[in-house]
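**Student:** Please find the sequence and the predicted model below.
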Amino acid sequence: MRVLGIETSCDETAVAFVETNPWSTDILAQVVSSQVALHRPYGGVVPEMATREHLRNLPLLVPQVMKEVNLPLDAIEAVAATEGPGLASSLLIGHSYARALAIALSKPMVGVNHLEGHLYSPFIANRRAVEFPFVGLIASGGHTLLVHALGWDRYVKLGSTVDDAAGEAFDKVAKLVGLPYPGGPEIEKMAAKGNPEAFGLPRSFPERDNLNFSFSGLKTAVRFFFEKSQQMQADQQWTYDLCASFQKAVVDVLVRKSIQAVAQSRVERLAVSGGVLCNGFLRGELEFACYEAGIDLIVAEPAFCTDNAGMIAGAAAEKLAAGVKPRVGDDINPNLDLFAPELEGDFARSMTTALKLKNRQVKKGLKQDDTISPGEVEVW
């Protein structure tokens, strides 16, 4: 199965060509046009500017990819594009282009959930067959999410952010201390020169059975500390230490909850993805924690952690090859949910009930309000 994938969910225009084989999915060619330099003066992504860049770049990138694989357009067996979530105006450019190309080639068009692409990107980037079940951690500028993947389109949300995502917190703290956008790489550079134990910053939701994330309190704590320490801001080492302490607080939470999620789900694999996984300190801490816990950690190289079309084309190709009915891809959905469209009926109710009972029983024993309501099925 040969699939051309297009990703334009935010500020990067990406096109990739993938091919499935019995063991894995190979990314034969991929190009990404980054807009970081364009948006840096504004401290964040400007949707209108991002849309114009997608419109300008996409017609140039598709021929470039086909030239790299040395194949004609009619070699494409399906066209995939990000359907959501993301910026509506950006999504519309890639999705419309993909639909038009699919119609012109008389090939199927597949709409792919951006988060689903991230979920499978570690397997695809490492040329590994997707192995269920596994726990997936997605940490990016817009999402921090733990997923129990039981099979194709069978996903259970274990935890998610209740406010700021991890990448968003990096950007806001970087702006606070005067670092340019995007904040993640800049914080990491500063933190490499600092002491991560210099300042005791808060960690969210320390309870073992709570797998949700919250970085707003940490960001606020850094802001208050920074504003009350004006006399120290002239000391560059102080800033290094603050960045290192902040980075360690974020990493500690991500690592701890990921290991807890794997233990609670009783699986052997942890697949991690998203732009925050470009952080070398986080990757090192995850590798060490998974080694100690005997967990099979799957993480892609940094280039495949950020938004890319290889994960979109790869997810579509894997599902088509597995005989899974793809999304029709009729329209974009900026708020597309990874869970709601798939988890319905008895399966959704049974998994929700099982997780609720297991978590509460582990912590404090069976409670009266843990009674299974009519229509719910307990599954272990």
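**Tutor:** Nice, thanks for sending it over. Numbering: from 1, shown residues only.

**Student:** And for Asp153, the neighbour number?
**Tutor:** 17 (other Cβ atoms under 10 Å). (Glycine included, C-beta is placed from N, CA and C.)

**Student:** Next up, phi/psi of it, please.
**Tutor:** phi 60, psi 20 (degrees, to the nearest 10).

**Student:** pLDDT score assigned to it?
**Tutor:** Here the pLDDT value assigned to Asp153 is 91.

**Student:** Equivalent analysis for the one 10 residues further on, please.
**Tutor:** The pLDDT attached to Asp163 in the predicted structure is 91.

**Student:** do the same with Glu342
**Tutor:** 41.

**Student:** What of Leu119?
**Tutor:** 95.

**Student:** do the same with the one 5 residues further on
**Tutor:** As summarised for this prediction, Ile124 has a pLDDT of 93.

**Student:** Helix or strand: which one has it?
**Tutor:** Per DSSP states H and E: Ile124 is located in helix 114-125.

**Student:** Let's see that helix as CSV, backbone CA atoms only.
**Tutor:** These are the backbone C-alpha positions of helix 114-125, laid out as CSV (Å, rounded to 0.1, in the frame of the first residue of the first chain):
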residue,chain,number,x,y,z
HIS,A,114,-3.6,14.3,14.1
LEU,A,115,-3.3,12.6,17.5
GLU,A,116,-3.7,9.2,16.1
GLY,A,117,-0.8,10.0,13.8
HIS,A,118,1.3,10.9,16.8
LEU,A,119,0.2,7.8,18.6
TYR,A,120,1.7,5.5,15.9
SER,A,121,4.6,7.7,14.9
PRO,A,122,7.2,5.9,17.2
PHE,A,123,6.4,2.6,15.5
ILE,A,124,6.5,4.0,12.0
ALA,A,125,9.6,6.0,12.5
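
**Student:** How far off centre is it?
**Tutor:** Computed by Cα atoms, centre = their mean, to the nearest Å, the chain-centroid distance of helix 114-125 equals 8 Å.

**Student:** mean confidence for the next helix or strand after that helix?
**Tutor:** In the C-terminal direction, the helix or strand that comes right after helix 114-125 (DSSP H and E) is strand 134-139. What strand 134-139 shows for mean pLDDT is 97.

**Student:** quick check: angle from strand 134-139 to helix 114-125?
**Tutor:** 110 degrees (axes from the mean of the first three to the mean of the last three Cα atoms, to 10 degrees).

**Student:** Each with direction, which strands does strand 134-139 pair with?
**Tutor:** Here strand 134-139 has these sheet partners by DSSP bridges: strand 144-151 (antiparallel), strand 269-273 (parallel).
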